[in-house]
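1. coords below, sequence missing:
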């Protein structure tokens, strides 16, 4: 009985000194970063951080906000990226939390310098996740990280944080997540294409006033850690036909340079066959496209639509390849196909420094377009029918 009383006393004493989660912070006592940016100006690293009001992110019972809530941008500078982040932290009034960062933006200047110096802090720190989206920009980072969401929407409902949904509606430049970026960045045969995010000033209006919006208007090519240049959208027309993730891409069908119809491509099948019998590697491209007629301006045969589409795709693929070649960039990642399918041949070419693309790298381009349907309307519905009908 005495032993039981002693045990009970010890138990009560133990529970009285247990503090529980003594270091736990309340959610309202933290600043949650949603995006970060990295620049290099005047021999210093510049670290940008975007934070948003949690109340604007959580679901509301009301219809929404009449105006989009602002995003807070904080800036730190230093001789290393870690010291830049420390200088950003020292002026923060509350602790910063990096676990919710969903977007990383590199300025073109840091790409030109080399981003290997940023690799350590962006990977070593466990809270920065590998699922965030990665972009590059030529704009001031403090402006890019501002709030460009639509009125009534959370600041996180924007191209910067949710680019995949927009890509599925218009497949042109594919967004890339950090885990894929890191994987390709350290692969010696890969060329990484970072989407360039820009501010478009005169596209949307609210209350009869233009409001800026974010857009992806090109890519930056990186190969073995080296920046290969910026390529605007006009140089990348063939990129969507060499990407099996393309969900929705359009083509204008012309006859004597007059638009006749538009088609949408909803599936891309791609096969790249390396040819390793010559002094440099060459490649045969087989592109299979599945699409449907989206718009019909005048009567045109399905055969002409198919033929014209195949010609355009072939020209666009070759044109984009040559644009990349001018800056020494392998925009289609052809070297990676050789690396994966014939590693011994890749090593042999690499020893002689012959893996870089040349004007003759593409031996042939075989394109086949299959039209699945013409939507809810028939192909002969371009003119008003005769009131007398067919006689």
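-> Looks like it came in fine. Predicted, not measured: the structure shown is a model, and the values here were computed from it.
2. check contacts around residue 371.
-> By CB atoms under 8 Å, 6 or more residues apart in numbering, residue 371 lies in contact with 263, 291, 292, 293, 302, 305, 306. In short, each C-beta sits where N, CA and C put it, glycine included.
3. can you pull the contacts of the fifth one?
-> The neighbourhood of residue 302, defined by CB under 8 Å, 6+ apart, consists of 371, 379.
4. same thing with the first one?
-> For residue 263, the contacting residues are 250, 251, 253, 291, 292, 293, 294, 305, 309, 369, 371, taking CB under 8 Å, 6+ apart as the criterion.
5. now these in a markdown table, with distance to residue 204, pLDDT and secondary structure?
-> Below are the contacts of residue 263 laid out as a markdown table (distance: CB to CB, whole Å; pLDDT from 0 to 100; DSSP: H, G, I helix; E, B strand; the rest coil):
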| residue | distance to residue 204 | pLDDT | secondary structure |
| --- | --- | --- | --- |
| 250 | 21 | 90 | strand |
| 251 | 26 | 92 | strand |
| 253 | 29 | 91 | strand |
| 291 | 29 | 90 | strand |
| 292 | 29 | 89 | strand |
| 293 | 29 | 88 | strand |
| 294 | 23 | 86 | strand |
| 305 | 33 | 89 | helix |
| 309 | 31 | 93 | helix |
| 369 | 34 | 94 | strand |
| 371 | 34 | 89 | strand |
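6. before we move on, the earlier item: between the contacts of residue 371, which is nearest residue 271?
-> Among the contacts of residue 371, residue 291 lies closest to residue 271 (CB to CB), at 18.2 Å.
7. how many neighbours does that closest one have?
-> 23 (other CB atoms under 10 Å).
8. next one: residue 358
-> With neighbours defined by other CB under 10 Å, the count for residue 358 comes to 12.
9. so it touches residue 279, yeah?
-> No. Assessed by CB atoms under 8 Å, residue 358 is found out of contact with residue 279, at 9.8 Å.
10. in CSV, list the contacts of residue 371 along with distance to residue 140.
-> Converted to CSV, the contacts of residue 371 look like this (distance: CB to CB, whole Å):
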residue, distance to residue 140
263, 39
291, 40
292, 42
293, 43
302, 49
305, 45
306, 46
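11. ok, and the closest non-adjacent residue to residue 357?
-> In this structure, residue 357 finds its nearest non-sequential neighbour in residue 330, 4.9 Å apart by CB to CB, 6 or more residues apart in numbering.
12. what's the answer for residue 200, then?
-> Nearest one to residue 200, counting by CB to CB, 6+ apart, is residue 215 at 4.5 Å.
13. ramachandran angles for that neighbour?
-> Phi and psi for residue 215, reported as degrees, to the nearest 10, are phi -150, psi 160.
14. please report how far it lies from residue 231.
-> Separation of residue 215 from residue 231 (CB to CB, to the nearest Å) stands at 15 Å.
15. which one of the two has more residues nearby?
-> Of the pair residue 215 and residue 231, residue 231 is the one with more neighbours under other CB under 10 Å, namely 23 against 18.
16. for the more buried one, name its beta-bridge partners.
-> Under DSSP bridges, the beta-bridge partners of residue 231 are residue 219.
17. so it touches residue 217, yeah?
-> No. At 10.1 Å, residue 231 does not count as touching residue 217 under the criterion of CB under 8 Å.
18. immediately after the helix or strand where residue 183 lies, which helix or strand?
-> Secondary structure from DSSP states H and E places residue 183 in helix 178-185. For helix 178-185, the succeeding helix or strand toward the C-terminus, using DSSP H and E, is strand 191-206.
19. show me how far stretch 283-300 is from its chain's centre.
-> Here stretch 283-300 shows a centroid-to-chain-centroid distance of 25 Å under the convention CA atoms, centre = their mean, to the nearest Å.
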